[in-house]
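Colleague: starting from these lines, generate the structure:
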Amino acid sequence: MDIDRRRFIATSGAATIAGLSGCLGGDEGDGSDDGDGGDGSDGSDGGDGTTTEPSGGGDPSGEINVGVLLPFSGDYAWVGANVLPTVNMIAEEINEQGGIDGDTINIIQGDTEGSPDASLSAAQKLVDVDEVVGIIGPTSITMSAVFDLFVENEVAIVTPTAGTTSLDDRGGEYVYRTVPSDALGGRAIAYAARNGDVNGVQDYGNMAMMVGNEEVFQSFKDPIASSFEEFGGQIVEQIDFRTGKSSYSSEVGTMMDADPEITALTGSKDDSIKIMEAAFQAGYEGNWFVTQDQTTDVFLEESENAATDGIFGIESAPFQQAQEAGRIEAFKQRHAEYAGEEPKLFARNAYDAMNVFGLALKVTAMGDSEITGANVAGNVRTVANPPEQTVTNYTEGAEALEDGADVDYQGLVGPIDFDENGDVTAPFNILQAEDGSWSQVANIPPSDLE
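Modeller: Numbers count the residues shown, from 1 in each chain. Here you go, the predicted model:
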């Protein structure tokens with residue numbers, strides 16, 4: 001293998017990883033991927049025995065510590081529960097292949113509790129006490145609180161859950177993500193709303209926006225509004241509402257006074273239900289478009305069918321090539337056997353994140369480099385971007401590397417070709433609610449959003 005061509009990092013110098021960002025609203029995320037996992041934040045158990053007592057990453061004890069920094073308690077505990085089984089499953093696969101140069105992958109949980117303060121505390125423990133070389137996570141809710149800590153300590157990050165636009169141009173050294181930016185998701189919403197051929201109903205000419213005042217929700221605001229107007233539509237009202245209120249009748253009244261044909265609603269599950277039901281009771285005749293965290297069965301189960309029938313939603317779609325090759329179905333079956341249920345929201349993203357991270361570890365070790373966050377970070381792009389030999393999982397990639405090939409990992413959510421900011425593009429599905437369930441009405445490839 002040509003070490004120079006593969007851009008191995010031989011010492012602990014500068015690495016090139018890129019932009020992590022994050023998705024997240026507040027519901028139970030049972031829509032597109034993953035299973036269950038234990039909680040706890042001290043590495044006591046990850047659901048499959050891969051977590052043990054902490055030791056230093058890549059130290060003489062023969063363990064490489066990898067953190068999973070996500071909410072495992074609180075309103076967003078479903079995110080950690082969705083991601084952890086997939087991470088553990090791939091860690092087990094790596095360890096069954098002999099680990100990384102004989103060292104075992106050790107998964108240690110850090111519970112952000114969906115709170116910036118708790119996230120910073122958990123991240124500091126992972127970095128200072130557990131001495132992790134990398135982290136899977138966090139979400140958009142807490143990324144801003146820990147981003148500087150990661151960079152200052154040269155920790156490699158691959159997040160499957162952070163789509164926030166605040167990170168679109170902030171990465172490039174230590175932070176990558178396997179979930180597309182909310183900038184792309186917001187553009188997909190605007191594109192679908194403006195095109196009757198896509199949504200199957202009409203070309204919506206004007207739109208109101210109701211957006212929660214937290215960063216995770218505000219992330220969608222400008223992408224939806226600017227794209228809707230770029231596509232020839234008109235934004236007739238923009239309302240930033242305070243999250244967690246008991247009633248939104250005033251905000252709903254303001255929205256209805258603008259008489260929109262459709263309203264883009266970005267908020268938590270509970271707030272969104274309150275808003276939509278208040279609008280229904282007040283006689284709102286327009287439609288709704290919600291973001292990915294609401295396109296779940298739980299959201300519809302807890303809402304009145306009359307208030308949600310016909311509304312639109314968006315979700316990350318499977319990579320077409322992976323679907324046609326049967327890899328999506330194979331992942332579902334494997335996950336069900338491993339975790340006891342089919343994968344849910346963010347599990348496909350977690351699969352790609354952990355495979356890329358594992359292959360970056362493998363490349364670092366094969367290049368005779370010390371396993372450090374900086375060295376691993378510098379090899380994330382090396383194993384993921386073309387032109388190299390295509391591989392679709394860790395085992396396949398490790399075998400190719402050992403045979404002297406350079407590899408290009410292609411995943412379940414897309415080709416995983418990181419740009420200069422560590423971002424990826426991916427397709428989206430447009431969904432519509434009917435009789436208490438979601439059905440797909442369209443698929444939007446990234447090329448349609450350029």
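Colleague: how does the chain divide up, domain by domain?
Modeller: 63-181+323-409, 183-315+427-449 (automatic domain parsing).
Colleague: most tightly surrounded among those domains?
Modeller: domain 63-181+323-409 (a mean of 23; mean count of other C-beta atoms under 10 Å). C-betas here are computed from N, CA, C, even on glycine.
Colleague: could you work out the end-to-end span of it for me?
Modeller: One end of domain 63-181+323-409 to the other measures 25 Å (C-alpha to C-alpha, to the nearest Å).
Colleague: quick check: mean pLDDT of it?
Modeller: Average pLDDT, domain 63-181+323-409: 95.
Colleague: same question for stretch 425-443.
Modeller: 95.
Colleague: need the residues that contact that stretch.
Modeller: With C-beta atoms under 8 Å, 6 or more residues apart in numbering as the test, stretch 425-443 has contacts from 31, 179-180, 184-185, 188, 192, 198-200, 295-297, 300-301, 305, 308-320, 413-414, 417, 444-446.
Colleague: show me the contact partners of stretch 407-414.
Modeller: Contacts for stretch 407-414 (C-beta under 8 Å, 6+ apart): 178-180, 316, 318-319, 321-322, 327-328, 331, 348-349, 351-352, 355-356, 359, 383-392, 397, 400-401, 415-416, 424-427, 446.
Colleague: go with 6 Å
Modeller: Residues outside stretch 407-414 that contact it (C-beta atoms under 6 Å, 6 or more residues apart in numbering): 319, 322, 348-349, 351-352, 356, 383-384, 386, 388-392, 397, 400, 416, 424, 426.
Colleague: before we move on, what about stretch 286-293?
Modeller: 25, 27, 189, 193, 220, 260-266, 311-315.
Colleague: just those: which are in strands?
Modeller: Ile262, Thr263, Ala264, Leu265, Thr266, Phe312, Gly313, Ile314, Glu315 (DSSP state E).
Colleague: closest one to Asp406 out of those, please.
Modeller: Glu315 (33.2 Å; C-beta to C-beta).
Colleague: the closest one contacts Thr295, doesn't it?
Modeller: Yes. When contacts are counted by C-beta atoms under 6 Å, Glu315 is listed as touching Thr295 (4.9 Å).
Colleague: just the strands in this protein please.
Modeller: Under DSSP E, the chain gives strands at 63-70, 104-111, 134-136, 156-159, 175-177, 206-212, 234-241, 262-266, 287-290, 312-316, 389-391, 407-409, 428-434, 437-444.
Colleague: export those to JSON lines and tack on distance to Ala77?
Modeller: As requested, those are exported to JSON lines (distance: least, C-beta to C-beta, whole Å):
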{"stretch": "strand 63-70", "distance to Ala77": "9"}
{"stretch": "strand 104-111", "distance to Ala77": "9"}
{"stretch": "strand 134-136", "distance to Ala77": "16"}
{"stretch": "strand 156-159", "distance to Ala77": "17"}
{"stretch": "strand 175-177", "distance to Ala77": "21"}
{"stretch": "strand 206-212", "distance to Ala77": "19"}
{"stretch": "strand 234-241", "distance to Ala77": "24"}
{"stretch": "strand 262-266", "distance to Ala77": "21"}
{"stretch": "strand 287-290", "distance to Ala77": "21"}
{"stretch": "strand 312-316", "distance to Ala77": "20"}
{"stretch": "strand 389-391", "distance to Ala77": "33"}
{"stretch": "strand 407-409", "distance to Ala77": "29"}
{"stretch": "strand 428-434", "distance to Ala77": "24"}
{"stretch": "strand 437-444", "distance to Ala77": "22"}
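Colleague: closest to Asn379 out of the ones you listed?
Modeller: strand 156-159 (8.8 Å).
Colleague: next up, phi/psi of Glu261, please.
Modeller: Dihedral angles of Glu261 (phi, psi; degrees, to the nearest 10) stand at phi -80, psi -30.
Colleague: measure it to Phe289 for me?
Modeller: 11 Å (C-beta to C-beta, to the nearest Å).
Colleague: go through the contacts of stretch 425-443 and flag which are in helices.
Modeller: Using DSSP state H, Leu184, Gly185, Ala188, Ala192, Val198, Asn199, Asp297, Leu300, Glu301, Asn305, Thr308, Gln320 are the members of those that sit in helices.
Colleague: tell me how far Val83 lies from Asn206.
Modeller: 38 Å.
Colleague: got it, and Tyr191?
Modeller: Distance, Tyr191 to Asn206, using C-beta to C-beta: 16 Å.
Colleague: repeat that for Phe319.
Modeller: 34 Å.
Colleague: now the terminal residues of stretch 205-217, how far apart.
Modeller: End residues of stretch 205-217 are separated by 23 Å (C-alpha to C-alpha).
Colleague: same check on stretch 427-444?
Modeller: OK, stretch 427-444 end separation, C-alpha to C-alpha: 6 Å.
Colleague: now it, how far from the centre of its chain.
Modeller: 19 Å (C-alpha atoms, centre = their mean, to the nearest Å).
Colleague: can you check stretch 216-229 too?
Modeller: 18 Å.
Colleague: got a list of contacts for that stretch?
Modeller: Contacts of stretch 216-229 (C-beta under 6 Å, 6+ apart): 24, 140-141, 164-165, 182-183, 186-187, 189-190, 207, 211, 235, 264, 266-267, 291.
Colleague: ok so, going back, and the strands of the chain: which comes nearest Gln124?
Modeller: Comparing the strands of the chain by C-beta to C-beta, strand 104-111 comes nearest, at 9.2 Å.
Colleague: which other helices and strands contact that closest one?
Modeller: Judged by 3 or more C-beta pairs under 6 Å, 6 or more residues apart in numbering; DSSP states H and E, strand 104-111 is in contact with strand 63-70, helix 77-96, helix 116-128.
Colleague: got the angle for the longest one vs strand 63-70?
Modeller: Here the directions of helix 77-96 and strand 63-70 differ by 160 degrees (axes from the mean of the first three to the mean of the last three C-alpha atoms, to 10 degrees).
Colleague: just the CA coordinates of helix 77-96, formatted as CSV?
Modeller: The C-alpha coordinates for helix 77-96 follow below in CSV (Å, rounded to 0.1, in the frame of the first residue of the first chain):
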residue,chain,number,x,y,z
ALA,A,77,-33.3,9.5,25.3
TRP,A,78,-34.8,7.8,22.2
VAL,A,79,-31.8,9.1,20.2
GLY,A,80,-29.2,7.3,22.3
ALA,A,81,-31.4,4.2,22.3
ASN,A,82,-31.7,4.3,18.5
VAL,A,83,-28.0,4.8,17.9
LEU,A,84,-26.2,2.7,20.5
PRO,A,85,-27.2,-0.9,19.3
THR,A,86,-25.8,-0.2,15.9
VAL,A,87,-22.5,1.2,17.3
ASN,A,88,-22.2,-1.8,19.5
MET,A,89,-22.9,-4.2,16.7
ILE,A,90,-20.1,-2.8,14.5
ALA,A,91,-17.7,-2.6,17.5
GLU,A,92,-18.4,-6.3,18.0
GLU,A,93,-17.8,-7.0,14.3
ILE,A,94,-14.4,-5.2,14.5
ASN,A,95,-13.4,-7.1,17.7
GLU,A,96,-14.4,-10.4,16.1
